[in-house]
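Engineer: Any chance you can model this:
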Amino acid sequence: MDTAKDESLLVQAKSLQQKGDLVNAEKFYQQALENNPNSLEAISSLAMLYLMKGDAHNAISNWQKALKINPTDIESLSNLGYVYSQFQDFNTALPYLESAHKVAPERDDICLQIAQIRTHLGNLSGAKEVLAPLMESVPISPNAYLMYAQLELLSNDFPRAKATLRELLDKNPNLPEAMINLGSILETEGNTKEALSFFKNAAEKAPFHFQANLELGRFMSSNGQVENGLAHLNKAAEIQPTDWGVHVHLGNAYQEIGDFDKAINSYKKALSINPNDLGTRQNLSRVTSRFVPPWHLKMLADHERNDAFEKAIKNTVGEESVVLDIGTGSGLLAMMAAKSGAKKVYACEQSKYIADAALENITKNALKDKIQLFQSKSTQLTNEDLDPKPNVIVAEIFDSGLLGEHAIPSFRHALQNLCSKNTKVIPKAAEVKGKLLYAPKLGSVNPIKEISGFDLSGFDQFRIPEEYITQNLADITHEFCSEEFKIIDVDFENPWPAIAPNQCRRFEIHVEVNSDQQIHGVAFWFILLMDDKIKLSSAPGRKDNHWGQAISFFPQPLYGKSGQKLRMIVNYTDTQIWFEDPKLI
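Structural biologist: You can find the predicted model right below:
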């Protein structure tokens with residue numbers, strides 16, 4: 001055996017290993033072992049190289065080989081214990097670590113691993129037993145104290161846990177981990193004042209300590225000091241930007257002060273790091289839902305509505321069609337148009353968050369090349385934006401009262417400014433119809449007067465007079481007090497001229513009463529004429545009708561008799577329908 005040559009090979013191997021050249025380092029280790037098969041240094045170093053390469057099997061094999069040569073080799077024993085514990089094979093790991101502890105009882109890293117495994121296996125007293133000598137050693141082992149305190153917490157012994165941490169701080173007054181852990185216990189106990197003191201002290205003693213800034217920022221943000229808390233959370237994110245938890249806390253803090261854009265960005269950053277965290281996904285959904293009215297999901301669940309639009313689109317759209325989808329939402333109608341053969345589809349959506357989701361849907365359905373998405377209102381587009389010009393408009397921008405989502409102004413602008421002549425609109429028209437309504441429970445709060453014997457009229461200031469509400473009539477106590485009557489017809493392909501602000505069109509109608517019940521107002525709905533054949537109604541009785549119906553309440557209920565006539569004025573603008581001056585005649 002050439003000892004000098006063996007040492008030279010090992011030096012070269014270690015040098016290559018440090019440089020990251022694991023392939024050539026392995027060759028030199030193998031040569032050293034050919035020269036000296038029982039070299040513990042070569043065997044252990046080769047085992048570590050295998051571990052660096054991710055080859056745990058050969059790493060374990062080499063350390064076991066080393067133990068056959070020297071059963072008390074501390075590095076082989078401790079490394080085998082570490083590797084098996086990483087595989088969660090604690091029962092195999094523990095004997096190796098306990099043997100290593102017998103060889104080197106002063107090694108706190110080995111003691112801590114034993115304590116962790118015993119804790120995992122439920123042996124808390126055994127974990128404390130191996131830590132206790134470290135707490136008496138000189139110098140002390142801070143990690144032993146910290147873990148001992150955690151074991152006392154696991155036993156629900158809060159006083160002893162606090163005492164252990166205070167003892168550690170007496171011996172090491174500048175240790176931020178002890179301050180953080182003590183602050184967390186005090187926070188759990190409701191002692192927020194002293195908890196804040198420890199969190200602040202930790203951040204002051206260690207201004208660039210990630211956990212100190214994180215915990216102080218989290219605590220401040222959840223205890224009414226959000227602005228100060230954000231400063232520390234952002235500092236923590238700078239120190240450790242890949243920690244998903246800090247981005248979750250940032251999202252929570254931004255949400256607390258109403259900065260929802262930053263909250264959303266923080267939650268998205270957290271999910272980019274930890275995409276499977278359910279809590280973060282729920283937080284993100286809660287914030288984004290603020291910008292996405294809940295009726296969007298109900299609308300998508302209205303399959304009769306979806307089918308009617310799809311049939312009308314298929315009937316209308318062909319190879320020469322250029323389609324404009326106004327208020328695309330999920331992108332569903334735009335994708336239907338693209339699938340129906342349109343040569344080009346424009347989709348516009350004013351909400352940034354909905355537009356982002358629509359683009360994701362369009363991309364997932366491999367239609368990005370056919371659909372051009374604008375994150376804007378259609379009325380913000382110009383004819384320079386759209387080339388070629390649309391010759392088909394499709395839109396589902398209707399509320400329960402038909403006009404409230406600005407369908408008329410949107411269609412009018414598109415037809416006059418964006419589209420070619422003879423553009424088809426889906427739906428092409430609508431009929432608004434209604435019935436006189438008896439609704440005693442809803443009527444009692446429209447307007448609000450007396451409830452349960454108390455005058456609650458002061459609350460009526462929160463009700464908008466003469467503005468209809470949305471209600472699925474199937475869900476409330478009600479009776480109709482008339483047959484169905486027509487209110488207005490609306491032609492979307494030839495919308496009426498613009499109605500000036502603060503102006504309206506009005507006309508008088510007479511409706512025959514067919515009930516002796518009180519008349520609280522008018523319930524109304526619409527029928528969409530999708531094309532020349534297909535119709536879609538929001539009338540009561542259609543299941544899964546996401547629109548519901550509109551109810552316009554009279555200022556006071558009327559007491560009519562069957563056979564009487566009720567006269568009222570119908571008012572409408574581009575965006576609203578309402579009723580005035582109802583009188584029985």
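
Engineer: hey, let's count contacts and neighbours off CA atoms from now on
Structural biologist: Fine.

Engineer: Neighbours of residue 485, how many?
Structural biologist: Residue 485: 16 surrounding residues under other CA atoms under 10 Å.

Engineer: swap that for residue 279, sorry
Structural biologist: By other CA under 10 Å, 10 other residues sit near residue 279.

Engineer: Tell me who's in contact with residue 267.
Structural biologist: Contact analysis of residue 267 by CA atoms under 8 Å, 6 or more residues apart in numbering lists 247, 248, 251, 280, 281, 283, 284.

Engineer: please redo it, this time with the cut-off set to 6 Å
Structural biologist: Taking CA atoms under 6 Å, 6 or more residues apart in numbering, we find residue 267 in contact with 248, 251, 284.

Engineer: among these, which are in strands?
Structural biologist: Assigned to strands by DSSP state E, none of these qualify.

Engineer: where do the helices sit along the stretch 201-350 of the chain?
Structural biologist: Ranges of helices within the stretch 201-350 of the chain are 210-221, 226-239, 244-256, 260-273, 278-288, 295-301, 303-316, 332-339, based on DSSP state H, counting those that start in this stretch.

Engineer: Neighbour-wise, which one of the contacts of residue 267 leads?
Structural biologist: Among these, residue 251 has the most neighbours (other CA under 10 Å), with 28 neighbours.

Engineer: Is it correct that that residue is in contact with residue 263?
Structural biologist: Yes. In this structure, residue 251 is within contact of residue 263 by CA atoms under 6 Å, at 4.0 Å.

Engineer: Now do the same for residue 466: its pLDDT.
Structural biologist: pLDDT recorded at residue 466 is 78.

Engineer: Revised request: answer the last question for residue 448.
Structural biologist: 91.

Engineer: Thought residue 458 was touching it, still the case?
Structural biologist: No. In this structure residue 448 lies outside contact range of residue 458 using CA under 6 Å: 8.1 Å.

Engineer: Pick out whichever of the two has more residues nearby.
Structural biologist: More crowded of residue 448 and residue 458, by other CA under 10 Å: residue 448, with 18 against 9.

Engineer: got the contact list for that one?
Structural biologist: Contacts for residue 448 (CA under 6 Å, 6+ apart) come out as 457, 460.

Engineer: Would you mind measuring from it to residue 560?
Structural biologist: As judged by CA to CA, to the nearest Å, residue 448 and residue 560 stand 22 Å apart.

Engineer: ranges for the helices of the stretch 51-200 of the chain?
Structural biologist: Under DSSP H, counting those that start in this stretch, the stretch 51-200 of the chain gives helices at 56-69, 74-86, 90-103, 108-120, 124-136, 142-154, 158-171, 176-188, 192-205.

Engineer: Including distance to residue 554, mean neighbour count and mean pLDDT, could those go into CSV?
Structural biologist: As requested, the helices of the stretch 51-200 of the chain are arranged in CSV below (distance: least, CA to CA, whole Å; neighbours: other CA atoms under 10 Å; pLDDT from 0 to 100):
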stretch, distance to residue 554, mean neighbour count, mean pLDDT
helix 56-69, 79, 18, 95
helix 74-86, 72, 21, 95
helix 90-103, 75, 19, 96
helix 108-120, 69, 21, 95
helix 124-136, 72, 18, 93
helix 142-154, 64, 20, 95
helix 158-171, 64, 18, 96
helix 176-188, 55, 22, 96
helix 192-205, 54, 19, 97
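
Engineer: Of all those, which one comes closest to residue 378?
Structural biologist: Checking the helices of the stretch 51-200 of the chain against residue 378 by CA to CA gives helix 192-205 as the closest, at 51.1 Å.

Engineer: For that closest one, give me every contacting residue.
Structural biologist: For helix 192-205, the external contacting residues (CA under 6 Å, 6+ apart) are 176, 179, 180, 183, 186, 187, 212, 213, 216.

Engineer: Swap in 7 Å and give it another go.
Structural biologist: The contact list for helix 192-205, computed with CA atoms under 7 Å, 6 or more residues apart in numbering, reads 174, 176, 179-180, 183-184, 186-187, 209, 212-213, 215-216.

Engineer: Relative to residue 547, which of the helices of the stretch 201-350 of the chain is closest?
Structural biologist: For these, proximity to residue 547 was assessed by CA to CA; helix 295-301 is nearest, at 7.7 Å.

Engineer: average pLDDT across the closest one?
Structural biologist: What helix 295-301 shows for mean pLDDT is 87.

Engineer: I'd like the distance from that helix to the chain centre, please.
Structural biologist: From the chain centre to the centre of helix 295-301 is a distance of 18 Å (CA atoms, centre = their mean, to the nearest Å).

Engineer: List the contacts of the residue nearest the centre of the chain.
Structural biologist: Centroid-nearest residue in the chain: residue 284, 1.9 Å away (criterion: CA atoms, centre = their mean). If you count contacts by CA under 7 Å, 6+ apart, residue 284 has them with 264, 267.

Engineer: Read off the pLDDT value for it.
Structural biologist: Model confidence at residue 284, given as pLDDT, is 93.

Engineer: Ok, residue 502 next?
Structural biologist: 84.
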